[in-house]
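A.B. asks: need a structure here:
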Amino acid sequence: MYQPIQVVKKVVLEKVLKTTNMITKPRLFFLGDSFVKWHLPINNHWTTRFQDEYEVISLGAAGSSNDGISYQFATLPKYKEGDRLVVVLTNPSRLPVWFYFDEDGNWNGSNYPTNLLKKNIKSFIDYILFKKSKMLNYTFSNKEYLYMENPLQVYNLFRFLYNTLIEYKPIFVTWSKELNDLKVLEDVLYYIPEGTYTTIQDEHENVVKDHHPGEKGGVVWYETIKKLLDNWELKQINKLFIGSPYFKNNKNIL
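C.D. replies: Residues are numbered from 1 along each chain as shown. Model prediction:
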């Protein structure tokens, strides 16, 4: 069957534009910890599965705390039409990377018990700060700073950023059961629990203690995130998790 000349011209033009890179893909930005930037699986990380549809740009960094992830927002370039954003949040007990090194520069960090964070802020501080505790105990003993520099305050920032960057139609997800259980972002946070996807250590007998998605597990992450991107709906954020007296008296400011 012959096609109309206009259809033939359109097909030819699209092929020419593609080969000359004149058709650009929308950009897809990833912020987060090692779940968005990790050396395994080699050449087949789950974020790369979006490359047929997007120009994939990962601005995340392994070992990032949620505070560190909040700073990554500052690396976003100016918004262009079609840009999308996926933010993978981490365990809430993870501290900034600089906490994890001793005086000799040796890595000695880990995640700390989240139950202390939920139960008693001071106990959490006493547990993790060691020589740094004197400085930060002063901060947290001051009522004004307790509101504004509480370690959970960063989640109010994420709520603010969700609304501020709404043109990106942002997706917030986490692998952390502890963060999901805190319910600090339950309005907008999607939880992908381990057990619903296979990890690198599940897929490779010679790899231990690597809970990042493997190649097969990465398919689950890709399909889950793609569904969220394709079916994005605006969420109404009407409450704050923790805040200053000003926030408490102005609950609808975000």
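A.B. asks: quick one: low-confidence ranges for the stretch 151-254 of the chain?
C.D. replies: 151-152, 238-254 (pLDDT under 70).
A.B. asks: again, only this time at 50
C.D. replies: Low-confidence segments of the stretch 151-254 of the chain, defined by pLDDT under 50: 243-254.
A.B. asks: run through the helices of it in chain order.
C.D. replies: 154-164, 177-182, 200-203, 215-230, 245-249 (DSSP state H, counting those that start in this stretch).
A.B. asks: run a quick neighbour tally on Arg94.
C.D. replies: Using other Cβ atoms under 10 Å, Arg94 has 26 other residues around it. (C-beta placed from N, C-alpha, C; glycine too.)
A.B. asks: list the contacts for the closest residue to it other than its chain neighbours?
C.D. replies: In this structure, Arg94 finds its nearest non-sequential neighbour in Ser65, 4.4 Å apart by Cβ to Cβ, 6 or more residues apart in numbering. Shown in contact with Ser65 (Cβ atoms under 8 Å, 6 or more residues apart in numbering): Thr90, Arg94, Leu95, Pro96, Val97.
A.B. asks: residue contacts, Thr220?
C.D. replies: Small correction: residue 220 is Val, not Thr. Each residue near Val220 by Cβ under 8 Å, 6+ apart is listed here: Ile192, Thr196, Tyr197, Thr198, Pro213.
A.B. asks: same thing with Asp202?
C.D. replies: Asp202 sits next to Gly214, Gly217 when contact means Cβ under 8 Å, 6+ apart.
A.B. asks: let me have the helices of the stretch 151-254 of the chain in a markdown table, extended by distance to Leu85.
C.D. replies: Listed next are those as a markdown table, based on distance: least, Cβ to Cβ, whole Å:
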| stretch | distance to Leu85 |
| --- | --- |
| helix 154-164 | 9 |
| helix 177-182 | 18 |
| helix 200-203 | 26 |
| helix 215-230 | 10 |
| helix 245-249 | 25 |
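A.B. asks: tell me which of the ones you listed lies nearest to Val86.
C.D. replies: When those are compared by Cβ to Cβ, helix 215-230 sits nearest Val86, at 5.9 Å.
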